[in-house]
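Visitor: Provided below for reference: sequence and predicted model.
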Amino acid sequence: MQTNIEVWWIYALLSSIFAALTTIFAKIGVENVNSNLATAIRTIVILVIAWGIVFVQGNTVNILTIPRKTMIFLLLSGVATGLSWIFYFKALQAGKALLVAPIDKSSLVLVLLFSVIFLGESLNWKIILGTCLIIIGTLVLII
């Protein structure tokens with residue numbers, strides 16, 4: 001049986017692969033359409049896939065047991081995701097994917113900062129060094 005570390009690593013790697021494909025497909029997809037319409041179409045596809053998985057797995061009954069605080073933060077996450085996608089598609093429509101993607105992915109630096117401030121997670125020298133390298137790498141790519 002696989003440990004949790006192995007499982008999260010596989011999911012994270014798959015997420016990275018599909019995120020890269022998302023950028024390429026989106027760049028081609030926003031070529032001749034309003035970026036907000038493109039985001040709306042993408043959102044419908046994601047909505048169908050996500051709810052399809054929930055229905056197939058029989059998890060719809062669990063929606064009524066979600067605590068209020070959890071639901072509020074899931075809704076806030078949805079708002080943040082929607083705004084991120086809208087601005088991401090606008091950036092892809094106006095700029096090159098190879099420049100837009102690194103700036104978008106530099107959100108990792110903000111995640112590290114916010115996780116320390118809001119979640120109380122701790123930093124070590126490897127995380128600080130890696131974060132600095134991400135910042136430097138992003139600047140090298142966009143300047």
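Guide: Right, received. Where do you want to start?

Visitor: Every contact and neighbour count from this point should use C-alpha atoms.
Guide: Fine.

Visitor: Packing partners of the helix or strand hosting residue 11?
Guide: Applying DSSP states H and E as the criterion places residue 11 in helix 4-29. Here helix 4-29 touches helix 68-94, helix 97-105, going by 3 or more Cα pairs under 8 Å, 6 or more residues apart in numbering; DSSP states H and E.

Visitor: With respect to burial, which of the ones you listed scores highest?
Guide: Among these, helix 97-105 has the highest mean neighbour count (mean count of other Cα atoms under 10 Å), at a mean of 16.

Visitor: Domain parsing of the chain, as residue ranges.
Guide: Taking automatic domain parsing as the reference, the chain has its domains at 4-95, 106-143.

Visitor: roughly how far is the longest one from the heart of the chain?
Guide: When distances are taken as Cα atoms, centre = their mean, to the nearest Å, domain 4-95 is centred 7 Å away from the chain's centroid.

Visitor: ok, now the last one?
Guide: Its chain's average C-alpha position is 16 Å from that of domain 106-143, according to Cα atoms, centre = their mean.

Visitor: Sort out which residues of it are buried, please.
Guide: For domain 106-143, the neighbour count (16 or more other Cα atoms under 10 Å) marks 106, 109, 112, 131, 134-135, 138 as buried.

Visitor: Farthest-apart pair in these, please.
Guide: Farthest apart among these by Cα to Cα are 112 and 138. That separation is 15.5 Å.

Visitor: Quick one: low-confidence residue ranges for the chain.
Guide: Applying pLDDT under 70 to the chain flags residues 1-5.

Visitor: again, only this time at 90
Guide: Scanning the chain for pLDDT under 90 picks out the ranges 1-13, 15-16, 19-20, 58-64, 98-99, 101-103, 105-106, 108, 138, 141-143.

Visitor: tell me the angle the helix or strand that the helix holding residue 11 is followed by makes with helix 68-94.
Guide: Moving toward the C-terminus from helix 4-29, the next helix or strand (DSSP H and E) is helix 35-57. Here the directions of helix 35-57 and helix 68-94 differ by 140 degrees (axes from the mean of the first three to the mean of the last three Cα atoms, to 10 degrees).
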